[in-house]
Structures are given as C-alpha cells and as structure tokens.
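Student: When you get a sec, could you give me coordinates for this:
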Amino acid sequence: MAIRVILADDHPLIIFGVRQALASATGIRVVADAPDPGALTELLRNVPCDVLVTDFSMPCGTTPDGLAMLTGIRTRFPHVRVVVLTMLENPGLMVSMQDVGVLGIVNKRDDLSELPAVIAAAYRRRRLLSTSVREDLRQWEHQMSQKHAARQLSPRETEVVRMYVNGMSTSEMARHLHRSINTISTQKTNAMRKLGVSNDAELFDYAQAHGLKS
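Tutor: Alright, predicted model coming up:
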C-alpha cells in the first residue's frame, strides 16, 4: 500500500514542485494539500494520512505555525509522521523540531529528489535529514561544543525571536501562542540576554544571520 502524504505550504509553487517531485516516487501518494495551519488541521482530522510534509513558517491569523503547530500536530495526531520542508537554516531550531517529534527535515534549496527517501524513512519511524541539513547540524554541533551552554535559546525563546523579527508584536505573539504578554516579554528578554544583544537592531542582525528571518 502506498504511503499517504499530506502537503502543507503557503506557497502554491512549492506545493506544485513537491507534487512533481513525488509523482514518480514508488510507493508514495499525495492525498491532499493545505495552504495554512488551519486548513491543515481540518485535513488531518478528515483525511487518512501516514506522513505529513509541511513548511515551518506559515502565518495564519490565530492558528499557530512553527514549533507550536508541530507540537500540536504530534499531540493530536500521534500516528502521523512529520517531515518539515523549510527555507530556514538555523540549526538550533532544527534541533528543536526534532525534539518535538519531527522525523525528517529537508531544506527547500536542496534537490527535492532526496524527499522520497526522507518520507519513506519517516514512515518507518526512522529519522533522516537532507544532505545540507545534516551538514549544517554537524557544523553547528562542533561550534556549540566550543561555546557555553547557557547561550543556547530554549525552543520557546527561539520561537518568540522568530515571530518578533518577522513582524509580530508582543500582544500578537501572546494571542498566537496562547501565552501571556508578560511571558512573551520575559522570553524575548531572556533570549536577548543569552545572545548578548542589547537592542532590537542587534536582534534583527542575529536573526538574519541565523536563518530566523523569512
């Protein structure tokens, strides 16, 4: 029986390209696609799916994307294996994705011919990363081994920084992530302290350099 795949991305051209890349893959069948987290949740409720291939950043009103979305999917649909297809190149964020249960990560800049193998591995509940993601993580792990652990951001701090530098206000993030405004402010402040940045301009520079700004 073919592996049933749902695709989720807010760019129609990406959906088209992934469908094309998977069209000739043996044993894989795309059963539906969604343009945002809200529509994705409805599909997962109603369409049988083995593997979800989803973008990470898909802003959608009050429905969270990013780590909050991935955590919700793993909690509500534990039978669905998750593969993330993303433009982000932040290794710390990729580690956080794996921590919440993502089995595969593929960079959109990579050759999508790697995607079928990642999907097949995820279906067997094995972890597989695309070539550039593996290399980015290898280099990052080497760098982090030479830095103080306290400089690492928590997954929630990383998520707040990502949303902030992409234009969301503190109150919008609080609604989006279902946290209090004080909690969001504290997480942003803690993140800036750990990163050694003292103002928003430096935070934006860090985000740009580390793939957190889309």
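Student: Next, name the residue at the spatial heart of the protein.
Tutor: Nearest residue to the geometric centre of the chain (Cα atoms, centre = their mean): Phe56, 3.3 Å.
Student: Just give the closest residue to it, not the sequence neighbours.
Tutor: Closest residue to Phe56 apart from its sequence neighbours, by Cβ to Cβ, 6 or more residues apart in numbering: Thr86 at 4.3 Å. Every residue, glycine included, has its C-beta placed from N, CA and C.
Student: residues near that neighbour, how many?
Tutor: A count of neighbours around Thr86, defined by other Cβ atoms under 10 Å, yields 22.
Student: One more: Arg109?
Tutor: By the criterion of other Cβ under 10 Å, Arg109 has 11 neighbours.
Student: surely it meets Leu85?
Tutor: No: using Cβ atoms under 8 Å, Arg109 is not in contact with Leu85, being 10.6 Å away.
Student: Distance of the residue nearest to the centre of the chain relative to Val106?
Tutor: 11 Å (Cβ to Cβ, to the nearest Å).
Student: any common contacting residues for the two?
Tutor: With contacts taken as Cβ atoms under 8 Å, 6 or more residues apart in numbering, Phe56 and Val106 have 84, 86 as neighbours in common.
Student: Please work out which residues outside stretch 55-75 touch it.
Tutor: Among residues not part of stretch 55-75, those counted as contacts by Cβ under 8 Å, 6+ apart are 8-11, 14, 35-38, 40-41, 44, 52, 54, 80, 82, 84-88, 93, 96-97, 100-102, 155-156, 158-159, 162-163, 166, 175-178, 214.
Student: and those, which of them are in helices?
Tutor: Judged by DSSP state H, the contacts of stretch 55-75 include 14, 37-38, 40-41, 44, 93, 96-97, 155-156, 158-159, 162-163, 175-177 as members of helices.
Student: hmm, which of those are the buried ones?
Tutor: Among the ones in helices among the contacts of stretch 55-75, those classed as buried by 16 or more other Cβ atoms under 10 Å are 14, 37-38, 40-41, 44, 93, 96-97, 155-156, 158-159, 162-163, 176-177.
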